[in-house]
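Colleague: fold the following.
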Amino acid sequence: MATGPITLRSAIFALLGAALLGSSPGRAETLPVEYVSPADRAHAATMLGKIKSGDSTSVLVQLSSDSDGAVRWAAVHALASLGDSRARGAPEEIRDDPAQARVPGVEMFDGQFTRYGRGGRLAEPGVCYNVQLTAFLALVGHPREATPEEIRRALDHLRTVDRSVLERFTTRRNVSTYYGSRQGTEDRLVFDATVRALENLTTSTADETTDVIVGFLGSGIEDIVPRAAGLLLNGRSDRVLPHVRSVLEQARLTDLSWTACLRLTLKHDPASARPLAIRLLRTLHARATLRGMPYDDGPLLQQSLRREDVPLLRDLLGKRTDEAERKAIEEVIARVEGRQPPVDILEANEIPSSQIEEALPVLLAELNKEERDWKTFKAEYQLGRLQAKGAIPGLLKHLGMALEGGFALWRNTASSYQGMAGWALVQIGDRGSVDRIREVACSRSHGRQARSAALLAYALLAGERAVPELAEVFLEEDRTFRCFSTWSVGAAPESSPPFARCTSVRESAALALAQVGGNEARAALCQYLYSEEPVTLSIAEAVHRVDPEKLDGWSRARLESNDPLERSCAVGVRFAFFPTTCAGLVQIHLEDAQSPLHGGTLTFLRRYSLADESVSNVLIGLLRRAESGSCNDRLVLIEALGVQGGEKARATLEEFALTGKVAKK
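Modeller: Okay, here's the model as predicted:
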């Protein structure tokens, strides 16, 4: 049963890519893997948790004592998803059973059928599962989804937890003999449950919550104190501050507690922050190491201290010999004296208006330095946000650079020097730069990334005036486009922003035309649609944005095409852009296991629920017939069935999770 791309062309491009990279498919670093049963039963239990029907409670409780660790782990995890009070008994028993800390089992399905640097049949049993920890966390609840009952349980745990256990674990967890011992395992359960309990209180601002959390401020327990302080930032000042003052009266405070109290004082009583910062500064003289700087103490000190407090900082500097510590203190001094902006201007979500004048020279220096790096990339972003016209020459230089490649997506904006430069130029909005941007966009002498970014920037700045040239670029011969012109049936439409995409010049021109819109852009895109040129996911998206009815009609008319590539493209368009109309189409390709679109149809059903009983019936029949097939085949069907949901899907998954098969009708 196929699960990957369904066209011969995609296989050819895979071979071509391997040749260009100087390798062969047999030596590829990403290799196919073959799961073994009962990974399929474990995945059925996982999907029952996603369906979230209380009717599955008894089955999942039964599975929580399965002989395989993967099935047991998945069942306990699924029970936690149900939020059913009847489901507490089994996790409570598992939590109290030390033998559940290491239960051997097969490797669970992680949603992927390939592994980096590792392929073949996965060993059995593959891993040991800490089912005890899973049960412990399940009883506390899920962060960001905490129900009132889970919040209550979290508060109960925090009131009664033995803090000596938390202290023992945080101070000894780097000792291998302790960490791997029974004591270490038990302590880790308590620590992880405490962290989860704090996470579950993120949305709770009740006075009761504040009163429980503040009890941890003076504990000095690593990982716990900072989390508690973070939660208290959102509490009521009149409730938080008395507790902070009480903690500060303690005879001995740990570094963590000092930092937490200063952080809360800055938020709830800024006028009192400076005296507290001076007290903290004096305690730093006695520390053997300043490990908290510059990440914790440094930023807090620079926000609290004044210029007249610099001698205290210089006194501390004179007593330190470690180069990293001295550098951190010097940075605090520079910021308190005003020689550097008081915020990290490259990372700041918002540069204070009072600091923009000081920040601009620093950002421009990063932009225009001879050797580019990630700071240059982030400087482009900040200069775009500030709409700094002085950055235009440097941004234009980066827009046209020949380097291919980039960084990770930054602030959901861009992922390359050229893309970020294009985005920043659009934010600045200077019409005088349009001609230079147009030159990069329309000239074949520039590389793919430069032209792609410039095309989008040109469209956004020039509007309808750019359409004739965008249409000309859209139709020009593009060798790189051939490497982008295949896509797998069942793939989802692109979700990343345009300046972050890795597309060909032709696809970028299509997206640029769609960005402008209007009759002329629509005509160019629709004319291409009915040409003999390949239609990719990005081009289909562009047409869909300007004329969804045209794309709808084009794809419907080609579902019965004699050309297999054209037919697969039409099916892919239906799945990607018109999924609610696809129940009948899905059944056709599901029932024919020899169809080249069978695997792509399953890929679609693994991400989109049609909520159609007839589709679920076909999947159930396929799962019944797959009993003698590979575990990978069953995993795909189980996931598709779980995504579809409904009573029939639930009952079938319950049966399969228990028995590993589906009974005949």
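Colleague: the longest strand along the chain pairs with which strands, parallel or anti?
Modeller: Criterion DSSP state E: the longest strand present in the chain is strand 30-34. Sheet pairing of strand 30-34 (DSSP bridges) gives strand 114-116 (antiparallel), strand 120-121 (parallel).
Colleague: could you redo those as a markdown table and give each row mean pLDDT, mean neighbour count and distance to Gly422?
Modeller: Glycine gets a C-beta too; all of them are placed from N, C-alpha and C. Conversion of the strands paired with strand 30-34 to a markdown table gives the following (pLDDT from 0 to 100; neighbours: other CB atoms under 10 Å; distance: least, CB to CB, whole Å):
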| stretch | mean pLDDT | mean neighbour count | distance to Gly422 |
| --- | --- | --- | --- |
| strand 114-116 | 75 | 13 | 32 |
| strand 120-121 | 76 | 10 | 44 |
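Colleague: of those, which is nearest Gln340?
Modeller: Closest of these to Gln340 is strand 114-116, at 41.2 Å (criterion: CB to CB).
Colleague: spell out the residue ranges of the strands in the stretch 301-450 of the chain.
Modeller: Under the criterion DSSP state E, counting those that start in this stretch, the stretch 301-450 of the chain carries no strands.
Colleague: low pLDDT regions in it?
Modeller: 341-343 (pLDDT under 70).
Colleague: out of the strands paired with strand 30-34, nearest to Glu337?
Modeller: strand 114-116 (48.7 Å).
Colleague: quick one: mean pLDDT for the longest strand of the chain?
Modeller: For strand 30-34, mean pLDDT is 84.
Colleague: please apply the same query to stretch 234-250.
Modeller: Averaging pLDDT along stretch 234-250 gives 88.
Colleague: centre of the chain versus it, how much separation?
Modeller: Here the centre of stretch 234-250 is set off from its chain's centre by 35 Å, with CA atoms, centre = their mean, to the nearest Å.
Colleague: okay, buried residues for it please.
Modeller: 235, 239-241, 243-244, 247-248 (16 or more other CB atoms under 10 Å).
Colleague: which residues sit against the following helix or strand past the longest strand of the chain?
Modeller: Later in the chain than strand 30-34, the nearest helix or strand by DSSP states H and E is helix 39-51. Residues from elsewhere that reach helix 39-51 (CB atoms under 8 Å, 6 or more residues apart in numbering): 56, 59-60, 63, 66, 68, 70-71, 73-75, 77-82, 105-109, 122, 631, 634-635, 638-639, 641-643, 645, 649-650, 653-654, 656-658, 660.
Colleague: and stretch 221-235, by the same measure?
Modeller: Residues from elsewhere that reach stretch 221-235 (CB under 8 Å, 6+ apart): 163, 166-167, 170-171, 191, 194-195, 198-199, 201-202, 205, 209-210, 213-214, 216-217, 219, 240, 254, 256-257, 259-260, 263-264, 267, 296.
Colleague: buried ones among the residues you listed?
Modeller: By 16+ other CB under 10 Å, the contacts of stretch 221-235 give 166-167, 170, 191, 194-195, 198-199, 201, 209-210, 213-214, 216-217, 219, 240, 256-257, 259-260, 263-264, 267, 296 as buried.
Colleague: give me the phi and psi for His285.
Modeller: phi -60, psi -30 (degrees, to the nearest 10).
Colleague: ok, Tyr129 next?
Modeller: phi -100, psi 130.
Colleague: what residues does the nearest residue to it once chain neighbours are set aside make contact with?
Modeller: Nearest non-adjacent residue to Tyr129, counting by CB to CB, 6 or more residues apart in numbering: Gly69, 3.7 Å away. Residues near Gly69 by CB under 8 Å, 6+ apart: 103-105, 125, 127-129, 131.
Colleague: likewise Ala277?
Modeller: 262, 300-301, 304-305, 309.
Colleague: put together CSV for these, with neighbour count and distance to Arg624 on each row.
Modeller: What follows is the contacts of Ala277, written out as CSV (neighbours: other CB atoms under 10 Å; distance: CB to CB, whole Å):
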residue, neighbour count, distance to Arg624
Leu262, 25, 64
Leu300, 24, 63
Leu301, 29, 67
Ser304, 22, 68
Leu305, 22, 72
Asp309, 17, 76
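Colleague: quick check, Gln250 in a strand?
Modeller: No. Assigned with DSSP: H, G, I helix; E, B strand; the rest coil, Gln250 falls outside any strand and is coil.
Colleague: for the nearest residue in space to it that is not next to it in sequence, list the residues it contacts.
Modeller: Excluding its sequence neighbours, the residue lying closest to Gln250 (CB to CB, 6+ apart) is Gly218, at 5.5 Å. Gly218 sits next to 247, 250, 253, 257 when contact means CB under 8 Å, 6+ apart.
Colleague: distance of Gly218 from Leu300?
Modeller: Gly218 sits 17 Å away from Leu300, going by CB to CB, to the nearest Å.
Colleague: do I have it right that Ser56 meets Glu655?
Modeller: No. Between Ser56 and Glu655 there is no contact under CB atoms under 8 Å: 11.2 Å.
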